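Visitor: just to be clear, the model below is a prediction. Sequence and coordinates:
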Amino acid sequence: MDTAPYLVHRFGTSLVVLAGVSVVTYGLLFLTPGDPAEVILSQQLDRQPSEAEIEAFRAEHGMDEPVPLQYADWLTDVLRGDLGTSYYSDASVTGLILDALPLTLELAAASVVVALALAIPTGVLSAVHRGTAIDRASQLGALVGVSMPNFWLGYLLILVFALTLGVLPVAGAGSYSQLVLPAITLGTGMAAVLTRLVRSSMLDVLDEGYLDTARSKGLRKRIVVYKHALRNALVPVVTILGVQLGALLNGAVVIEIVFQRPGLGMLLVDAVFERNYPVVQGITLFTAVAFVVTNLLVDLSYRYLDPRVELGGDPA
Amino acid sequence: MTTTPPTLEYGPDDAATPDDEATNLLAVENLQVQFGTHDGPVRAVDGVSFSLEPGETVGIVGESGCGKSVTARSIVGLQEPGEVVGGTVHIDGVNVHEASDRARRQLRGDTVSMVFQDPDQTLNPAFDVGEQIAESLKVHDQPERQRLLDYLHAPLFANRSDWRDHRERAVELMDQVGIDEPADRVDDYPHEFSGGMRQRAGLAIALASDPDLLIADEPTTALDTTTQAQLLDRLRRLTDERNMATLLITHDLGVVADICDRVVVLYAGQVMETGPTDRVLAAPHHPYTRALLECRTSRAARKRRVPTIEGTVPERLGEQPGCPFAPRCPAAVDACREGEPPTFERDDGTVRCREGVVFGEPDADGGLGLEYGCGETQCDEGDSSTTSATASTRSASQPLRTDAGTDSLVSLEGVSKRYQQAGGLLRRLLGTDRSLQAVDDVTLEIAAGETLGLVGESGSGKSTLANLVTGLETPTSGAVRFDGDLVGAAGTRTAATLHDVGVVFQNPRSSLNPRLPVAQVIAEPLHANGWNEQRRRDRVSELLESVGLSERHAERYPHELSGGQLQRVAIARAIALDPRLVVLDEPVSALDVSVQARILNLLLELQRDLELTYLLISHDLDVVEHVSDRVVVLSNGEVVEAGPTERVLAEPSHPETAALVEAVPRLEHSSQ
């Protein structure tokens, strides 16, 4: 199947997914107990707000209308690119997200780099030297990495590298040195999952007949392994990498709190505690879009990795 | 004499001297390869010696499990997970197993190339065909300048113009190995090639290094007869042009007769006999060689038992005295079971057999005056009388077949089947869907009690037609009738109509559930038909017996059985409900010659005993000729010829049939 109709089809299904996400998040927020107007005003005024004040706040933020109508208004705004304004300041949600986004992207990208840089060589070595000490050591490492909660690893790293050795800053954002510890914290957990996957995927591929063909050409072992074998072993790895990117955003929430990075995760957590609904909805929707797009990219990359993949199958 | 094989204890001559290694392109000396198993090391190759001169074509033959492939792979150093525990392999004077990685790469890139068996597995699915050939050319040109980033085509690191040149040369090579429109196909991926084309691409990869020695491991086994003939022809031409030596591993003696100068017969990892092809095939000295030749269906009279070699190739665990073939050898004497057989040097080769002492020269017609385990009475005619006996045995063999009635059991009327390719709603709306005409307006009948052979190249619609008869697929137009009733889709039919048809598929390893023991595999159709446990158990033991298996096989799992035994299980399952029609889809093509013969004998016996009607699909014309009463030739989904077997195969009237018949490699061509 050609790429163009496939993309049209995927775009269509993505819209359905996003519409679903928006309904669910919007609906869930209104099912949560407590009146946001009351909560927010009592925090802002530092006292119990009067009926009139609550009414005024509701009218200001369109909360006096029926929920479906509120949703419809919100959706029309979203389609125009306007995610609404924060309940606390007059800052636009889009602006808040765009301000926080670079820090999160930076962290995600660095973590993926750390994860791949660890997982691919370790997984490949482990598979090529199956059953040896190298294999056992890397498997043990992967097991530890998978089992360790990342916030705990974060505090451990802060303790060792920042507080004891003093070679890296404890927290904050803005410089590359401040990125190192969070990226390692977030990347190693992912690396552990990927290492196991690279290993098992490589083991499957190493028995394939075409590697004998490659060897019998007189190719160096390194080219046989890293060109002919790895390319075929990467298909399942990329799939999981795509799914892991979602987990990465979840992980970023925790890591940004641990390392006090004012990214998307921190913004979300603050907004949830403050019942700042427009911000929560905006970030959720934004994350869903990011998820859909990365998965689309992953699917498209299959065709490059494995030319046998027919894109899309039956769109009907 | 072209070779100096070593002689073991009783041999009159001396072993090969080191000087020979210098003149031989390939010298294998007493090679021993072992595989570690739970029960200890298995000796897969056990003292094999032979050699090749430049330009020579030598065949290695033997049943599967004889160590042919392991020998071939060890020559290029690909014996893993096996281990070379003794002996040497010299290519161009270089000891392959002691050479450094670098020297071995040099050999592979320069002197020796290998073509592998399964074209589905020899090419890397992730790279286009041109890239894979270009890579081989590049290694040959610069064996020591292999940088990973260059080979990964990393921007800035890859030498682009170099790769472009190699790709252009790859196109030339593709042309030489017979790939049409190579310039268009160079960018195609392996999955876009047919099996035959992939094998040609594999050949192009091998030839890219302009080798002096080509090792081909069953290069045509997975191909249909016509494609096989084309590939062998191409191979012969290329080896002549390039004065290339070829070592051909095959179990097909017809292929050997077709292109080999000399033959090495392997059994249980040992060389049984060597010699010039013509002599070995016409007058084999070793009982094993003779037995292999006897098993060929083309040598047996139609519908009669094919001689078989009883028993199987042993796994050589630990020390076992005596000749490995002795347990299966009709001429074995006590001495054969006790001591190592001697290797005799002859003018034109060697024989490793005590036989040589006892019988000396073979008699005039090439026989050793031995009787093989033919059993029963059908194997009465001697070797030399086979041809003349054929005509008379046709009538004499009547009891072996059921009376082929004229009532038609299955009838197809104008049956067509189209497949949607790349379908889908959008394409249907746009009117751009493509479809494939797999079966096109076929009308034919299968009479009760007869065997109808269905032949044709791969892709001619044989299997689709079989699926239409069994109801696994429904025709796009036309009617399929079984015993007068319309055959609906398998899902819509009642148990009563379903159990009238049994099916045996090509590969028992994939057609039997690996997680069920044999008894349950066979009992599945009984279960589905509501038989109670006691009846099922009785029927299973009855079936096991009728297919020549015993009770002890009942609780084994498929992976514990050999290919031949598995096919027996598949047959037992097919006949479990006493069907009237059994569809045999390439029932023996995945099996060894000696096993093939036994399965064919079984099928003939069952047909006689159970009054079965067979629809046999095969690309092996020898098998079809042996078993079928009538033959239908398919081409592009259409019936191009139909008629009695003898007539169609002896005097084909359609060019397609003629081409199929012509393509079969036969011993008789070379020995006449």
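Guide: Nice, thanks for sending it over.
Visitor: could you report the distance from residue A:47 to chain B?
Guide: In this view, residue A:47 and chain B are 62 Å apart by CB to the nearest CB, to the nearest Å. No exception for glycine: its C-beta is placed from N, CA and C like everyone else's.
Visitor: which SS class is that residue?
Guide: Assigned with DSSP: H, G, I helix; E, B strand; the rest coil, residue A:47 falls in the coil class.
Visitor: for chain A, what lies in contact range of chain B?
Guide: Applying CB under 8 Å from any CB of the partner chain, we find that chain A lies next to chain B at A:1, A:5, A:9, A:208-210, A:212-223, A:226-228, A:231-232, A:305-308, A:314-316.
Visitor: middle-most residue in chain B, spatially?
Guide: residue B:221 (4.5 Å; CA atoms, centre = their mean).
Visitor: ok, and the closest non-adjacent residue to that one?
Guide: Spatially, and ignoring its direct neighbours in sequence, residue B:221 is nearest to residue B:117 (5.9 Å; CB to CB, 6 or more residues apart in numbering or on different chains).
Visitor: count the neighbours of residue B:341 for me.
Guide: 26 (other CB atoms under 10 Å in any protein chain shown).
Visitor: for it, helix, strand, or coil?
Guide: When classified by three-state DSSP, residue B:341 comes out as coil.
Visitor: surely it and residue B:352 touch.
Guide: Yes - applying CB atoms under 8 Å, one finds residue B:341 in contact with residue B:352, separated by 5.3 Å.
Visitor: spit out the residues that contact the two alike.
Guide: residue B:323 (CB atoms under 8 Å, 6 or more residues apart in numbering or on different chains).
Visitor: okay, helices next: where are they in the stretch 51-200 of chain A?
Guide: A:51-60, A:67-79, A:93-128, A:133-147, A:150-157, A:176-206 (DSSP state H, counting those that start in this stretch).
Visitor: and these, which is most packed in?
Guide: Mean neighbours per residue, mean count of other CB atoms under 10 Å in any protein chain shown, is largest over those for helix A:176-206, with a mean of 22.
Visitor: now do that helix: which elements does it pack against?
Guide: Helices and strands touching helix A:176-206, as assessed by 3 or more CB pairs under 8 Å, 6 or more residues apart in numbering or on different chains; DSSP states H and E, comprise helix A:93-128, helix A:133-147, helix A:150-157, helix A:230-258.
Visitor: make a markdown table out of these and add distance to residue B:467 and mean pLDDT.
Guide: What follows is those, written out as a markdown table (distance: least, CB to CB, whole Å; pLDDT from 0 to 100):
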| stretch | distance to residue B:467 | mean pLDDT |
| --- | --- | --- |
| helix A:93-128 | 40 | 92 |
| helix A:133-147 | 46 | 92 |
| helix A:150-157 | 54 | 88 |
| helix A:230-258 | 31 | 85 |
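Visitor: let's have these in CSV, adding distance to residue B:468.
Guide: As requested, the helices and strands packed on helix A:176-206 are exported to CSV (distance: least, CB to CB, whole Å):
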stretch, distance to residue B:468
helix A:93-128, 45
helix A:133-147, 51
helix A:150-157, 59
helix A:230-258, 36
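Visitor: low-confidence ranges in the chain?
Guide: Because you didn't say which chain, this covers chain A. Chain A contains residues with pLDDT under 70 at A:1-2, A:310-316.
Visitor: oops, I was thinking of chain B
Guide: Of all residues in chain B, those with pLDDT under 70 make up the ranges B:1-23, B:297-299, B:355-406, B:420-435, B:489-497, B:668-672.
Visitor: give me the domain ranges for it.
Guide: Split into domains by automatic domain parsing, chain B comes to B:122-209, B:287-397, B:401-500+B:580-590+B:613-672, B:506-578.
Visitor: OK, contacts around residue 218?
Guide: No chain specified, so I'll use chain A. Neighbour list for residue A:218: B:105, B:106, B:107, B:108, B:109, B:110, B:139, B:140, B:143, B:209 [criterion: CB under 8 Å, 6+ apart].
Visitor: try chain B instead
Guide: B:69, B:117, B:249, B:250, B:251.
Visitor: from those residues, which is closest to chain A?
Guide: Chain A has its nearest neighbour among the contacts of residue B:218 in residue B:117, at 8.1 Å by CB to the nearest CB.
Visitor: count the residues that sit near the closest one.
Guide: For residue B:117, using other CB under 10 Å, the count is 21.
Visitor: the contacts of residue A:218 into TSV, with extra columns for neighbour count?
Guide: Shown next, in TSV, are those (neighbours: other CB atoms under 10 Å in any protein chain shown):
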residue	neighbour count
B:105	22
B:106	17
B:107	22
B:108	27
B:109	26
B:110	18
B:139	27
B:140	19
B:143	20
B:209	24
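Visitor: what subset of those is also close to chain A?
Guide: The subset of the contacts of residue A:218 within reach of chain A, by CB under 8 Å from any CB, is B:105, B:106, B:107, B:108, B:109, B:110, B:139, B:140, B:143, B:209.
Visitor: ok, and the closest non-adjacent residue to the last one?
Guide: Sequence neighbours aside, residue B:140 is the residue nearest to residue B:209 in space, at 4.0 Å (criterion: CB to CB, 6+ apart).
Visitor: ok, now which ones touch that neighbour?
Guide: Neighbours of residue B:140 in contact, by CB under 8 Å, 6+ apart: A:218, B:109, B:110, B:208, B:209, B:210.
Visitor: check residue B:127 too.
Guide: Contacts of residue B:127 (CB under 8 Å, 6+ apart): A:228, A:231, B:189.
Visitor: ok, residue B:502 next?
Guide: Going by CB under 8 Å, 6+ apart, residue B:502 touches B:573, B:574, B:575, B:576, B:577, B:579, B:581, B:582, B:583.
Visitor: can you classify the last one as helix, strand or coil?
Guide: In this case it means residue B:583. strand.
Visitor: that one is in contact with residue B:501, isn't it?
Guide: Yes - contact status for residue B:583 versus residue B:501: in contact at 6.7 Å, counting by CB under 8 Å.
Visitor: identify the contacts common to those two.
Guide: Contacts common to residue B:583 and residue B:501, judged by CB under 8 Å, 6+ apart, are B:469, B:470.
Visitor: give the contact list for residue A:124.
Guide: A:198, A:199, A:202, A:225, A:226, A:229, A:230.
Visitor: could you find the closest non-adjacent residue to the last one?
Guide: When you say that, I think you mean residue A:230. residue A:124 is the one closest to residue A:230 (CB to CB, 6+ apart), at 6.4 Å.
Visitor: any idea how far residue A:218 is from the one you found?
Guide: Separation of residue A:124 from residue A:218 (CB to CB, to the nearest Å): 21 Å.
Visitor: and residue B:601, by the same measure?
Guide: Relative to residue A:218, and taking CB to CB, residue B:601 is found at 47 Å.
Visitor: returning to what we had before: in the contacts of residue A:124, find the pair that's most separated.
Guide: A:199 and A:226 (14.7 Å; CB to CB).
Visitor: flag every buried residue along stretch A:267-286.
Guide: A:267-269, A:271-272, A:274-286 (16 or more other CB atoms under 10 Å in any protein chain shown).
Visitor: also stretch B:38-49?
Guide: Result for stretch B:38-49 [16+ other CB under 10 Å]: buried residues B:41, B:42, B:43, B:44, B:45, B:46, B:47, B:48, B:49.
Visitor: so, in contact with chain A or not, that stretch?
Guide: No - against chain A, stretch B:38-49 shows no contacts by CB under 8 Å from any CB, the least distance being 15.9 Å.
Visitor: residues contacting the residue in the stretch 51-200 of chain A that chain B sits nearest to?
Guide: At 10.9 Å from chain B, residue A:130 is the closest residue in the stretch 51-200 of chain A, using CB to the nearest CB. With contact set as CB under 8 Å, 6+ apart, residue A:130 has these partners: residue A:203.
Visitor: and residue B:150, how many neighbours does it have?
Guide: With other CB under 10 Å as criterion, residue B:150 counts 18.
Visitor: correct me if wrong: it contacts residue B:156.
Guide: No - with contact defined as CB under 8 Å, residue B:150 does not reach residue B:156; the gap is 10.3 Å.
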